[in-house]
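Student: need a 3D model of the following:
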Amino acid sequence: MSDDSGPTPIAHCIHCSYELTGLAYSANCPECGSPVQDSLRGDLLVFRQPEYVLKLRRGAFLVETSINLTVGSLALMLVYVLTLAVAGMHNTWFFGAGIIVLTLVFLAGLVLFPIGWWLLSSPDPGRADIAGEQRARRLIRVTVAITVFSSLVSAANEMIFRGQLFSGSASSVFSQLLELIRTVMQFTTLAAWLVQFFSAMVYLRWLAKQIPNLRIYQRAGTLMWLGPLLSLPYCLLIPPLIALVLYGNLLSWVKEALTQIAEQQRGIGRPVSES
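Tutor: Numbering: from 1, shown residues only. Below you'll find the predicted structure:
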């Protein structure tokens with residue numbers, strides 16, 4: 001680092017985002033009073049705002065939990081259906097109750113997924129966005145919002161469709177319109193999920209450099225092609241489940257790495273503010 005009397009290069013305070021350009025290295029941020037030198041230590045996450053690191057960790061935890069719930073519920077449902085079918089119990093109340101419970105667990109995973117990615121893709125308040133990272137992060141958030149919206153529309157459409165069938169009042173034109181909406185929403189959800197997945201892998205590769213963690217960087221690169229490849233034969237169920245397990249494993253590594261960084265920040269005296 002240059003001598004303490006020199007001017008600060010283009011930089012933003014990692015605590016409050018105030019622009020520090022031109023201030024002396026030995027000065028304090030005019031906005032929050034933290035040392036300017038705190039914001040000039042490089043791009044590694046250990047030198048970033050502790051609240052930001054903890055937010056990323058919460059996001060990684062929720063995404064990992066979401067994937068675990070999804071994989072667990074699908075695997076258990078497969079075993080459950082096959083077991084009770086062989087035992088001749090597929091027409092009992094017990095079978096229906098089990099399906100409802102596993103479906104609720106599956107839906108819980110679907111709810112946690114967008115919440116987790118919204119947190120994990122949070123912008124760093126003390127750092128100017130880099131073009132590539134900014135694009136990936138914004139795409140993640142946009143596609144997560146689109147996926148949630150299309151899922152809600154699809155659910156509402158399905159309820160209306162079934163309600164019309166049950167009441168026997170559905171016209172052919174109205175039924176065709178509902179079917180068209182269903183098809184459009186399914187296509188929209190699939191397209192948004194694909195964009196979100198590739199954007200997430202690009203973003204995680206960028207994040208891996210800030211940790212730094214070569215294993216995360218390489219796994220994200222591998223999943224960029226292996227994930228879609230395993231998901232193509234979705235009717236077989238097992239290959240997509242393997243892809244989800246690898247995805248969840250990657251998020252587990254990210255969570256563990258962020259946990260270590262948070263512990264390291266506490267160890268070097270970087271307290272989290274209570275504001």
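
Student: nearest residue to the middle of this structure?
Tutor: Residue closest to the average C-alpha location in the chain (Cα atoms, centre = their mean): Trp117, at 2.3 Å.

Student: am I right that it falls within a helix?
Tutor: Yes - Trp117: assigned to a helix according to DSSP: H, G, I helix; E, B strand; the rest coil.

Student: so how far is Val254 from it?
Tutor: 12 Å (Cβ to Cβ, to the nearest Å). Placement of C-beta: from N, CA and C, glycine included.

Student: could you list the low-pLDDT ranges of the stretch 1-150 of the chain?
Tutor: Within the stretch 1-150 of the chain, the stretches falling below the threshold (pLDDT under 70) are 1-11, 14-15, 39-42, 126-132.

Student: show me the helices in it, by range?
Tutor: 50-86, 93-120, 131-167 (DSSP state H, counting those that start in this stretch).

Student: can you redo those helices as a markdown table with distance to Arg205?
Tutor: A markdown table is the format used below for these (distance: least, Cβ to Cβ, whole Å):
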| stretch | distance to Arg205 |
| --- | --- |
| helix 50-86 | 15 |
| helix 93-120 | 14 |
| helix 131-167 | 9 |
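
Student: neighbours of the closest residue to Pro30 other than its chain neighbours, how many?
Tutor: Excluding its sequence neighbours, the residue lying closest to Pro30 (Cβ to Cβ, 6 or more residues apart in numbering) is Tyr18, at 6.6 Å. Here the number of neighbours of Tyr18 (other Cβ atoms under 10 Å) works out to 17.

Student: can you check the one 5 residues further on too?
Tutor: Applying the criterion other Cβ under 10 Å, we find 18 residues in the vicinity of Leu23.

Student: that one touches Pro35, doesn't it?
Tutor: No - here Leu23 does not reach Pro35: they are 10.6 Å apart, not a contact under Cβ atoms under 8 Å.

Student: what sits in contact with each of those two?
Tutor: Contact criterion Cβ atoms under 8 Å, 6 or more residues apart in numbering; residues shared by Leu23 and Pro35: Cys29.

Student: just the helices of the stretch 1-150 of the chain: most buried one?
Tutor: When the helices of the stretch 1-150 of the chain are scored by mean count of other Cβ atoms under 10 Å, the highest mean neighbour count falls to helix 50-86 (a mean of 18).

Student: Pro233 and Pro240, how far apart?
Tutor: 8 Å.

Student: same thing with Gly98?
Tutor: Counting by Cβ to Cβ, the gap from Gly98 to Pro240 is 22 Å.

Student: how about Asn28: what's its closest non-neighbour residue?
Tutor: Pro35 (5.8 Å).

Student: before we move on, the earlier item: neighbour count for Pro233 and Pro240, which is higher?
Tutor: Pro240 (18 against 11).

Student: what helix or strand is that one located in?
Tutor: Pro240 is located in helix 238-267, with elements delineated by DSSP states H and E.

Student: pull out the buried positions in that helix.
Tutor: 240-241, 243-244, 246-248, 250-255, 257-258, 261-262, 265 (16 or more other Cβ atoms under 10 Å).

Student: swap in stretch 12-26?
Tutor: Quick answer for stretch 12-26 (16+ other Cβ under 10 Å): 12-18, 20, 23, 25.

Student: what's the most distant pair in those residues?
Tutor: Ser17 and Tyr25 (18.9 Å; Cβ to Cβ).

Student: can you list the buried residues in the longest helix seen in the chain?
Tutor: In the chain, ranked by residue count with DSSP state H as the criterion, the top helix is helix 172-210. Counting neighbours by 16+ other Cβ under 10 Å, one finds that the buried residues in helix 172-210 are 178, 181, 185, 188-189, 192-193, 195-208, 210.

Student: same question for it, mean pLDDT?
Tutor: The average pLDDT within helix 172-210 is 84.

Student: the inter-axis angle of it versus helix 93-120?
Tutor: Per axes from the mean of the first three to the mean of the last three Cα atoms, to 10 degrees, the angle that helix 172-210 makes with helix 93-120 is 50 degrees.

Student: and helix 172-210, what other elements does it pack with?
Tutor: The contact analysis (3 or more Cβ pairs under 8 Å, 6 or more residues apart in numbering; DSSP states H and E) places helix 172-210 against helix 131-167, helix 214-231, helix 238-267.
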